[in-house]
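Colleague: Pasting the sequence and the predicted coordinates here, then a few questions.
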Amino acid sequence: MNRRWKGDDAGAALPMVLLLVTVIAMVLGVLLSYADTSVRTTVNLRDQAASAYTADGALQAGINAIRNGTFTGAPGEHCFGASDTLTLPNFGGTGSAAVSCTADPAKVQIQCPSLSVCNRPGNAILTLGTGGEDGLNIQQPTGSSFKVHGIVYSNSNIRVVNGSLETNTAVYARGACAGTIRSTPAASCGYGGSSLGADPGYAPALTAVPPHQSLPACTRAGSLVTFQPGYYDDAAGLSAMMSSSSKCKDSTFWFTPGAYYFDFHNSSAARPPSLPGGDDVWTVDNGTLVAGTPVDDSGRIIAKPPVPAKIPAACDNPIDDAKAAGVQFVFGGDSRLAVKAGQAEICGTYSADRPPVALYGLTSGAETPVTATLTPGAASGDFTGATAAGLSKVDGSGATWAAPGKSGGTATLTATAFSPAVAPPAGTILTSAKVRVTHSNDHGASKDARTAQFTPAGGSPIPLTVSSPKDNSAATDVTDVTSQLAQAVYDGTFTGGQLGYSVNVNHEGTELVDAVQLELAFTPPALRAESGCTQLTYTSSSACALVTALNNSGNRFYVQGTTYAPKAVLDVTLNNATEPIFRFGVVARSLWVKETGSVTFTGAVIEVPDDSPGFVFGVYLSAYVCPGAGTCAPGSTPVARARVAYVDGDPTNPVPGARQVSVLSWSGNR
């Protein structure tokens with residue numbers, strides 16, 4: 001019985017064993033399948049990675065080949081010498097590769113290849129004048145060198161009267177060169193030109209005239225005198241403040257951060273009484289001028305500059321601090337700056353997309369004279385029909401008054417408002433103001449008494465001329481009130497006024513006041529291009545420079561930022577310079593530099609950083625990979641692509657190996 005049950009158990013267990021074996025076999029099969037897939041995937045990924053690495057390496061090889069060549073994308077040129085394909089046999093150890101190249105038709109300018117924006121000038125010195133005067137005139141003591149860090153480019157000539165001009169890079173002149181010039185490569189004189197010599201066309205910080213500013217109080221020597229951004233038109237006042245005879249001599253004159261517009265009108269014959277006469281030159285002859293955010297000796301920002309301020313390094317330098325908030329001094333008309341016995345440091349404002357222009361000479365813009373005939377807004381008094389409309393024009397239908405009898409009588413008329421449609425802003429120069437009164441009497445007026453006066457709002461009455469004609473014809477009396485209204489218009493406080501008219505007759509008849517008008521001609525402030533003596537050829541005795549500066553041990557002048565005055569001359573005399581005078585480059589019509597005394601400063605007087613711009617051409621590169629093949633040619637689909645820009649100091653004469661590379665995009669077909 002036991003054997004029977006034992007046999008039955010064995011028979012039942014057999015299917016269980018077979019099922020277990022089947023399950024195990026299936027699991028093993030699945031595992032083996034996964035293992036095979038994993039191995040094949042690993043192999044594929046390894047091949048893809050190898051292909052990607054090979055393609056990346058091929059692109060790098062293509063980039064470097066162009067960097068070490070002279071290809072500029074000009075018509076007829078090829079990227080890699082005789083071909084636009086770079087073949088790389090047995091490249092990467094797994095096969096071969098090839099790189100195809102296509103020139104990018106869009107050319108761009110990269111100011112700083114390390115940045116994504118353009119905020120540095122292309123030349124240390126760029127002069128834009130094309131003849132009639134030296135583009136660059138350098139005078140040095142014998143045996144000394146005027147040093148520049150960056151490219152020097154003159155659109156006319158370069159004249160080194162004595163000593164030498166030396167730069168760490170290239171010198172170009174469209175005209176002739178005279179004197180000793182040291183550069184790498186040798187100076188290119190009579191140069192055919194390139195875009196390096198084009199006006200960069202920097203826009204001013206101002207798009208409209210800022211609010212007019214009066215000069216701050218100047219009462220105590222050795223004090224801090226603070227200026228606010230705005231429009232300044234008084235060169236004589238600025239010069240008097242910054243002179244050795246000033247009440248605030250030996251002071252620190254602090255121009256707080258912002259944009260300043262200097263358009264001086266001291267030479268204007270129509271200037272108001274409060275604006276003293278003189279030339280339009282602002283002279284710094286005493287004290288220290290600090291323009292920008294003040295810093296201490298360690299470069300930390302402080303609330304206000306000390307008295308006296310230490311020049312240079314008194315304001316936050318935009319070349320060293322990407323957060324620097326400085327100034328822009330904008331000059332218009334024939335306005336000029338002269339730094340003589342005083343000290344001045346002007347710091348520009350850092351920007352991510354434009355140079356920190358600290359000094360700017362306007363190249364466009366003009367004043368627009370305005371004429372306006374102001375009429376009353378209301379009228380009252382003894383006259384009938386005294387309305388604003390009736391008194392606004394000469395048409396014989398103004399306001400009338402009839403004498404009550406043969407013995408005559410007295411009557412008055414008051415016309416008010418005379419308000420300009422737009423009030424002239426502060427700083428407006430009034431060139432003419434005339435009150436015109438047209439009147440008559442149908443019984444003659446030779447023995448009558450008439451008076452009139454115009455009273456500006458908030459001002460004193462101004463007597464007007466009123467005639468008494470012998471017959472009954474109309475009389476028009478005109479009184480010039482320019483001198484009486486000039487100050488109110490200049491101050492921006494003129495809002496109109498009222499005209500009073502009175503008549504006393506000793507006969508019967510009707511008095512007619514036909515029209516009362518105030519005629520104004522004025523010139524509001526405007527951003528205007530440099531003009532006058534600043535535009536004369538500098539060989540003329542009447543010509544003048546936008547900036548003249550004397551820099552020696554006691555007198556110092558520094559611009560921490562770019563100087564941009566493409567239509568003006570800069571004239572600087574240096575005596576024992578100790579630091580760069582113009583940092584971040586100079587753009588001017590002409591530049592004259594004279595260095596006197598012993599030359600102990602061995603650095604660059606004018607400079608731009610090493611990563612200043614070049615002019616860019618671009619290429620599209622495509623990498624192809626041929627695994628296991630001895631050679632490779634471009635196929636249908638590249639493994640990797642790149643868009644690359646190359647920066648040359650001179651796009652016409654690229655220097656192999658010295659070209660800067662900027663990879664604009666990089667992608668792969670992984």
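Modeller: Happy to help now that I have it.
Colleague: For the rest of this, base every contact and every neighbour count on C-alpha atoms.
Modeller: OK.
Colleague: Find the least confident helix or strand in this protein, judged by mean pLDDT.
Modeller: Here the helix or strand of the chain ranked lowest by mean pLDDT, DSSP states H and E is strand 109-110, holding a mean of 49.
Colleague: Which strand residues bridge the closest residue in space to Thr167 that isn't next to it in sequence?
Modeller: Leaving aside its sequence neighbours, Thr167 sits nearest to Val148 (C-alpha to C-alpha, 6 or more residues apart in numbering; 4.7 Å). Using DSSP bridges, the beta-bridge partners of Val148 come out as Thr167, Ile606.
Colleague: Same check on the one 4 residues further on?
Modeller: Beta-bridge pairing of Val152 under DSSP bridges involves Ile125, Val171.
Colleague: now swap in the one 10 residues further on and tell me
Modeller: When assigned by DSSP bridges, Asn162 has beta-bridge partners Gln139.
Colleague: That one: what's it in contact with?
Modeller: Ile138, Gln139, Gln140, Pro141, Thr142, Gly179, Thr180 (C-alpha atoms under 8 Å, 6 or more residues apart in numbering).
Colleague: give me the element the last one is part of.
Modeller: When secondary structure is defined using DSSP states H and E, the element that contains Thr180 is strand 177-182.
Colleague: ok, back up a step: in JSON lines, list the contacts of Asn162 along with neighbour count and pLDDT.
Modeller: Shown next, in JSON lines, are these (neighbours: other C-alpha atoms under 10 Å; pLDDT from 0 to 100):
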{"residue": "Ile138", "neighbour count": "21", "pLDDT": "95"}
{"residue": "Gln139", "neighbour count": "22", "pLDDT": "92"}
{"residue": "Gln140", "neighbour count": "22", "pLDDT": "86"}
{"residue": "Pro141", "neighbour count": "17", "pLDDT": "85"}
{"residue": "Thr142", "neighbour count": "10", "pLDDT": "85"}
{"residue": "Gly179", "neighbour count": "14", "pLDDT": "96"}
{"residue": "Thr180", "neighbour count": "15", "pLDDT": "96"}
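Colleague: from the residues you listed, which is closest to His212?
Modeller: Minimum distance to His212 across those is 38.6 Å, recorded for Ile138 (C-alpha to C-alpha).
Colleague: What residue spans form the domains of the protein?
Modeller: 2-110+614-668, 224-367+527-607, 370-523 (automatic domain parsing).
Colleague: winner for burial among the ones you listed?
Modeller: Most buried of the domains of the chain, by mean neighbour count (mean count of other C-alpha atoms under 10 Å): domain 224-367+527-607, with a mean of 21.
Colleague: now the end-to-end length of it.
Modeller: Separation of the first and last residues of domain 224-367+527-607 by C-alpha to C-alpha, to the nearest Å is 31 Å.
Colleague: How about stretch 369-389?
Modeller: One end of stretch 369-389 to the other measures 27 Å (C-alpha to C-alpha).
Colleague: So what touches that stretch?
Modeller: So stretch 369-389 is contacted by 391-392, 398-401, 411-420, 498, 516-524 (C-alpha under 8 Å, 6+ apart).
Colleague: Let me know the average pLDDT across it.
Modeller: Mean per-residue pLDDT for stretch 369-389: 96.
Colleague: ok, now stretch 304-313?
Modeller: Mean predicted lDDT for stretch 304-313 stands at 95.
Colleague: tell me how far that stretch is from the chain's mean position?
Modeller: The chain centroid and the centroid of stretch 304-313 are separated by 26 Å under C-alpha atoms, centre = their mean, to the nearest Å.
Colleague: quick one on the thing from earlier: any chance you could list what contacts the helix or strand following the strand holding Thr180?
Modeller: As assigned by DSSP H and E, the chain's next helix or strand after strand 177-182 is strand 188-189. Residues outside strand 188-189 that contact it (C-alpha under 8 Å, 6+ apart): Asn157, Ala170, Val171, Tyr172, Ala173, Arg174, Gly175, Ala176, Cys177.
Colleague: How about stretch 499-506?
Modeller: Against stretch 499-506 from outside (C-alpha under 8 Å, 6+ apart): 403, 406-416, 445, 447-455, 516.
Colleague: And the most centrally placed residue in the chain, how close does it get to Glu595?
Modeller: In the chain, the centroid-proximal residue (C-alpha atoms, centre = their mean) is Pro204; its distance is 2.7 Å. Per C-alpha to C-alpha, Pro204 is found 31 Å from Glu595.
Colleague: Could you look up the SS state of Gly237?
Modeller: Recorded secondary structure, Gly237: helix (DSSP: H, G, I helix; E, B strand; the rest coil).
Colleague: any chance you could map the helices in the stretch 201-350 of the chain?
Modeller: For the stretch 201-350 of the chain, the helices defined by DSSP state H, counting those that start in this stretch occupy 235-241.
Colleague: Show the low-confidence segments of it, by residue range.
Modeller: Judged against pLDDT under 70, the stretch 201-350 of the chain has no low-scoring part.
Colleague: again, 90 this time
Modeller: 319-322, 341 (pLDDT under 90).
Colleague: mind listing the strands for it?
Modeller: 224-227, 230-232, 252-255, 258-262, 281-284, 288-291, 327-331, 336-339, 343-347 (DSSP state E, counting those that start in this stretch).
Colleague: Including distance to Ser622, could those strands go into TSV?
Modeller: Listed next are the strands of the stretch 201-350 of the chain as TSV, based on distance: least, C-alpha to C-alpha, whole Å:
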stretch	distance to Ser622
strand 224-227	58
strand 230-232	55
strand 252-255	55
strand 258-262	49
strand 281-284	60
strand 288-291	52
strand 327-331	46
strand 336-339	56
strand 343-347	46
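Colleague: of the ones you listed, which approaches Ser194 most closely?
Modeller: strand 327-331 (28.7 Å).
Colleague: ok now the closest one, how far from the chain's centre?
Modeller: 8 Å.
Colleague: Residues contacting it, please?
Modeller: 204-205, 255-263, 291-292, 346-349, 357-362, 530.
Colleague: and it with strand 343-347, angle?
Modeller: Angle, strand 327-331 to strand 343-347, by axes from the mean of the first three to the mean of the last three C-alpha atoms, to 10 degrees: 110 degrees.
Colleague: now the angle between strand 258-262 and strand 327-331, please.
Modeller: Orientation note: strand 327-331 sits at an angle of 20 degrees relative to strand 258-262 (the same axes, to 10 degrees).
Colleague: circling back: which residue, other than its chain neighbours, is closest to the residue nearest to the centre of the chain?
Modeller: What sits nearest to Pro204 in space, not counting adjacent residues and going by C-alpha to C-alpha, 6+ apart, is Tyr360, at 6.9 Å.
Colleague: pLDDT score for that neighbour?
Modeller: 98.
Colleague: So it versus Cys347, what's the distance?
Modeller: From Tyr360 to Cys347 the distance is 12 Å (C-alpha to C-alpha).
Colleague: Which of the contacts of stretch 369-389 fall in strands?
Modeller: Residues of those located in strands (DSSP state E): 399-401, 411-417, 498, 516-523.
Colleague: Which parts of the stretch 1-150 of the chain are strands?
Modeller: Under DSSP E, counting those that start in this stretch, the stretch 1-150 of the chain gives strands at 85-88, 95-104, 109-110, 125-127, 136-139, 145-149.
Colleague: Which one of those lies nearest to Gly585?
Modeller: strand 125-127 (5.8 Å).
Colleague: ok, so what distance separates the closest residue to Ala208 other than its chain neighbours from Asn119?
Modeller: In this structure, Ala208 finds its nearest non-sequential neighbour in Leu527, 6.6 Å apart by C-alpha to C-alpha, 6+ apart. To Asn119, Leu527 is 24 Å away according to C-alpha to C-alpha.
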